[in-house]
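[1] sequence unknown, structure follows:
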């Protein structure tokens, strides 16, 4: 009799495990095939500068590190765009899921589709510490999850986003704390995927602080240079890391609406953003005139990580990749 009871308990436990693990598999793959040479992919999103104050400015005086130190090492685009909704959460979601979605911007709505972090963890069986979202804005916690019932609350990345909210913008933290957190995570965990958001120059723009807006551009330019220097000083990360520096949206042009203070429509100032990439998978010293978008970046990051974003309308940024996959590999 005791053997029968024990057998029944075993069956019950196995049944419970099966139900709990339904949906995406968490079993570790025997082997994982990356899409490029890098084993670490870092995406730094500088929140809300206009092209006119960054790459569109004569001599790029406010982004000296990107223009004169990083750009010669990699590739950049003169016509990179947000072609969806030009708000923070929409722009970030396009990069992490490969889809443009009209998503609420205060952090109260999850993306409708799973992210590259979740697909990567499913493919590799690696723990949450292998993928990170580190942001100055607390509302970007949404990037770690999805409302898709098959994926919701499963295989999420590790999160370090702002501070607990204390009213409008109360959950934002200083970008200096964010870059420090990112460097600490890079050292401690050597993550395969890491997305970083800097709140400036967006926060100063909304505060109607023009000098602070320009200083935010200069400061974040310095932070991405710090990240690259940190990567180069770590033997595990050096020559094994691709860094992508981009934006979530731009801002209104002068004479349109309230100018640099706001964003959120389809004016050219809101749409035109930047992309600079460096690393072992990136062509050196190239400036491309191809019109490319955030969902293209999302698909490219997924490809380099060895996964896909099923159904995404994005296309690989083949022109900037050192090794271009065959047509069979693209499918």
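    Here it is on my side, so go on. Everything numeric here is computed off the predicted structure, so don't read it as measured data. Numbering: from 1, shown residues only.
[2] contacts and neighbour counts: CA atoms only from here.
    Will do.
[3] Residue ranges in the stretch 101-250 of the chain under the pLDDT threshold?
    Scanning the stretch 101-250 of the chain for pLDDT under 70 picks out the ranges 165-170.
[4] Next one: the residue lying closest to residue 279 once chain neighbours are set aside from residue 126, what distance?
    Nearest residue to residue 279 in three dimensions, chain neighbours excluded: residue 242, at 4.2 Å (C-alpha to C-alpha, 6 or more residues apart in numbering). Computed with C-alpha to C-alpha, to the nearest Å, the distance linking residue 242 and residue 126 is 20 Å.
[5] now do residue 191
    Distance from residue 191 to residue 126, by C-alpha to C-alpha: 10 Å.
[6] quick one, which of these two is more surrounded?
    Each of residue 191 and residue 126 has its neighbours counted (other C-alpha atoms under 10 Å); residue 191 has more, 20 against 17.
[7] so which strand or helix has that one?
    Here residue 191, judged by DSSP states H and E, is contained in no helix and no strand.
[8] thinking residue 132 is in contact with residue 191, fair?
    Yes. The pair residue 132 and residue 191 passes the contact test of C-alpha atoms under 8 Å, sitting 7.0 Å apart.
[9] re the thing from before, I'd say the residue nearest to residue 279 and residue 300 touch.
    No. Contact status for residue 242 versus residue 300: not in contact, 11.4 Å apart, counting by C-alpha under 8 Å.
[10] Name the residue in these two with the higher neighbour count.
    residue 242 (27 against 24).
[11] quick one, helices of this structure?
    The residue ranges that make up the helices of the chain, judged by DSSP state H, are 2-20, 64, 88-97, 116-124, 175-189, 202-206, 210-232, 268-271, 294-304, 327-330.
[12] Report the rounded mean pLDDT for the last one.
    Pointing back at helix 327-330 there. Confidence for helix 327-330, expressed as mean pLDDT, is 51.
[13] distance between the ends of stretch 234-252?
    Using C-alpha to C-alpha, the span of stretch 234-252 from its first residue to its last is 40 Å.
[14] try stretch 101-108
    From its first residue to its last, stretch 101-108 covers 14 Å (C-alpha to C-alpha).
[15] starting at the chain centroid, how far to that stretch?
    Using C-alpha atoms, centre = their mean, to the nearest Å, we find the averaged C-alpha position of stretch 101-108 to lie 16 Å away from the chain's own average C-alpha position.
[16] Counting neighbours, which bits of it end up buried?
    101-103, 107 (16 or more other C-alpha atoms under 10 Å).
[17] for the residue nearest to the spatial centre of the chain, what are its contacts?
    Per C-alpha atoms, centre = their mean, the C-alpha nearest to the average position across the chain is that of residue 195, at 4.0 Å. For residue 195, the contacting residues are 42-45, 132-135, by C-alpha atoms under 8 Å, 6 or more residues apart in numbering.
[18] again, only this time at 10 Å
    In this structure, residue 195 makes contact with 41-45, 92, 95-96, 117, 131-135, 143, 159, 182, 243-244, judged by C-alpha atoms under 10 Å, 6 or more residues apart in numbering.
[19] Let's have the buried residues of stretch 101-108 in a markdown table, adding distance to residue 202.
    Output for those, formatted as a markdown table (distance: C-alpha to C-alpha, whole Å):
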| residue | distance to residue 202 |
| --- | --- |
| 101 | 21 |
| 102 | 20 |
| 103 | 18 |
| 107 | 16 |
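[20] Out of the residues you listed, flag the one nearest to residue 210.
    Residue 210 has its nearest neighbour among the buried residues of stretch 101-108 in residue 107, at 26.2 Å by C-alpha to C-alpha.
[21] To residue 248, which of the helices of the chain lies closest?
    Set against residue 248 and scored by C-alpha to C-alpha, those come closest in helix 88-97, at 4.4 Å.
[22] which stretches of the stretch 1-150 of the chain form strands?
    Residue ranges of the strands in the stretch 1-150 of the chain, as given by DSSP state E, counting those that start in this stretch, are 40-47, 75-81, 131-135.
[23] Give the partner strands of the first one in its sheet and their orientations.
    Strand partners for strand 40-47, identified by DSSP bridges, are recorded as strand 193-201 (parallel), strand 241-247 (parallel).
[24] Would you format those as CSV with distance to residue 54 included?
    Converted to CSV, the strands paired with strand 40-47 look like this (distance: least, C-alpha to C-alpha, whole Å):
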stretch, distance to residue 54
strand 193-201, 11
strand 241-247, 11
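[25] Let me know which of those strands is the nearest to residue 68.
    Residue 68 sits nearest to strand 241-247 of all the strands paired with strand 40-47, at 14.4 Å, using C-alpha to C-alpha.
[26] Assess the claim that residue 303 and residue 36 are in contact.
    Yes. Contact between residue 303 and residue 36 holds when scored by C-alpha atoms under 10 Å: they sit 8.0 Å apart.
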